[in-house]
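1. Dropping a prediction and its sequence here:
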Amino acid sequence: MEGTVVIAGGGMVGLEIALRLERKGFEVKLVEPREEMFFYPLAHRLVKGLPASEATISYDKKFEGRGIEHVKSEFEEVLPDEKVAVTSERDLEYDYLVLAYGVNYEGVWPSRSVDSTDPEQLEEFSKEDKGLRVLVVGGGATGVEMAAGLNENGFEVELVGSRDELLPDMPSKASRAAEKYLEASGVNLRLGRRVQDVSEDMEVTTDDGSFHVDRVLWAGGHRARELIRSSGEGREGLEVDRFNRASMEDVFAAGDCVSYPGKKDRAVHALVEAKTVSENIVRTEKDRSLKERNVRFEPTLIDVGNHKAILEFSGLTFSGLLPYLIESIGVEKRYMLMRKHLL
């Protein structure tokens, strides 16, 4: 195949699509200002000592000898009538465009908080003096895993969540298990509260009082980036159809930036979307019917520290050592080994 594919965004989804399509013979241009892809599901392991190099993949090293160009620029906009992707450095003509530019994280004290999406910051944070009092803002999956990792690494952890329970998107059994494990390990849970402000001297004000911490790690919500955005039925993000097509001709989208009925911000959904986009670009090029997105399995694994995890699958919840082994060996290491050595 001789078509040119421009991919806007080099996260887990963008890299997956780039590798798949290059193997099919497309010329691929990946627009991503960063030097490395950060495998975000490993973020919680960085705060307890995993080197950043173990959770990242160098684009240039990965693309050496392949038909993939790493365009180190910011994606800015698309001109669909001209089939041009505009970046901060130059315009790129495309036959197919893939939007995988992710989301904006809503940390409101950037100068006073650790960025949970920055592997270098997380690695450096893990080396700080133990015993520091750390506030984790957010009671979802990221907040739970960060709190567990920090606690396991010897930090004193406060977790503030706006909901009355942890993991609000999971069954109540999983929420109770997470609360039990974190409290037993020494994490102080402050649920049903919102952080109003963090002062320069790290005084945290909530709607239920104030307290002092040494550091803040933001693990709260995120929102769709404003680059190309549409929404409907209360959803936020770039809407795609069941084939992961955007409304523009020969434009597909995948990952956290997209929206559709039933969309969940889980790695399994993102990887299914990446596979769907890759297959449908090939099918479009061959003038074949497109394949619908189909998420058959939706397991969720949450690391709660001390070699324990929670697994939720088809309404069933399991916790303890076995889910931890599944997460550590069967998911994380398998994916990173495959990305680095097989594709």
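-> In hand now; what should we look at?

2. Tell me where the stretch 51-200 of the chain has helices.
-> Using DSSP state H, counting those that start in this stretch, the helices assigned to the stretch 51-200 of the chain run over residues 59-63, 119-126, 141-152, 172-185.

3. show me where pLDDT drops low in the protein?
-> 103-112, 221-236, 330-343 (pLDDT under 70).

4. Please repeat the previous calculation with a cut-off of 80.
-> 1, 102-112, 220-236, 264-267, 297-298, 314, 327-343 (pLDDT under 80).

5. ok, longest helix in it?
-> helix 267-285 (DSSP state H).

6. Can you name the residues in contact with that one?
-> Residues outside helix 267-285 that contact it (Cβ atoms under 8 Å, 6 or more residues apart in numbering) are 1, 3, 5, 12-13, 16-17, 20-21, 24, 26, 41, 96, 98, 100, 243-245, 250, 252-256, 258, 263, 289-295, 297-299. To be clear about C-beta, it is placed using only N, CA and C from the backbone, and glycine gets the same treatment.

7. Can you flag the buried ones in these?
-> 3, 5, 12-13, 16-17, 20-21, 26, 41, 96, 98, 100, 243-245, 250, 252-256, 258, 263, 290, 293, 299 (16 or more other Cβ atoms under 10 Å).

8. mind listing what's buried in stretch 267-285?
-> Neighbour-count burial for stretch 267-285 flags 267-282, 284-285 (criterion: 16+ other Cβ under 10 Å).

9. and it, how far out from the chain's middle?
-> How far stretch 267-285 lies from its chain's middle: 17 Å, per Cα atoms, centre = their mean, to the nearest Å.

10. Just the CA atoms of that stretch, as PDB, please.
-> What follows is stretch 267-285, C-alpha atoms only, in PDB (Å, rounded to 0.1, in the frame of the first residue of the first chain):
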ATOM      1  CA  ALA A 267      -6.800   0.700  28.300                       C
ATOM      2  CA  VAL A 268      -8.800  -2.200  26.800                       C
ATOM      3  CA  HIS A 269     -11.200   0.200  25.000                       C
ATOM      4  CA  ALA A 270      -8.300   2.300  23.700                       C
ATOM      5  CA  LEU A 271      -6.500  -0.700  22.300                       C
ATOM      6  CA  VAL A 272      -9.600  -2.000  20.600                       C
ATOM      7  CA  GLU A 273     -10.200   1.400  19.100                       C
ATOM      8  CA  ALA A 274      -6.600   1.400  17.800                       C
ATOM      9  CA  LYS A 275      -7.100  -2.000  16.200                       C
ATOM     10  CA  THR A 276     -10.400  -0.900  14.700                       C
ATOM     11  CA  VAL A 277      -8.900   2.300  13.200                       C
ATOM     12  CA  SER A 278      -5.900   0.300  11.700                       C
ATOM     13  CA  GLU A 279      -8.100  -2.300  10.200                       C
ATOM     14  CA  ASN A 280     -10.500   0.200   8.700                       C
ATOM     15  CA  ILE A 281      -7.900   2.300   7.100                       C
ATOM     16  CA  VAL A 282      -6.600  -0.900   5.400                       C
ATOM     17  CA  ARG A 283     -10.200  -1.800   4.400                       C
ATOM     18  CA  THR A 284     -10.900   1.700   3.100                       C
ATOM     19  CA  GLU A 285      -7.700   1.500   0.900                       C
END
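
11. what's whichever helix or strand residue 16 is part of packed up against?
-> Using DSSP states H and E, the element containing residue 16 is helix 12-23. Under the contact definition 3 or more Cβ pairs under 8 Å, 6 or more residues apart in numbering; DSSP states H and E, helix 12-23 sits against strand 4-8, strand 27-31, strand 36-38, helix 59-63, strand 68-71, helix 267-285.

12. who are the neighbours in contact with the residue lying closest to residue 113 once chain neighbours are set aside?
-> Of all residues not flanking residue 113 in the chain, residue 216 sits nearest, at 4.1 Å (Cβ to Cβ, 6 or more residues apart in numbering). When contacts are counted by Cβ under 8 Å, 6+ apart, residue 216 is found next to 109, 112-114, 134-135, 137, 198, 202, 204.
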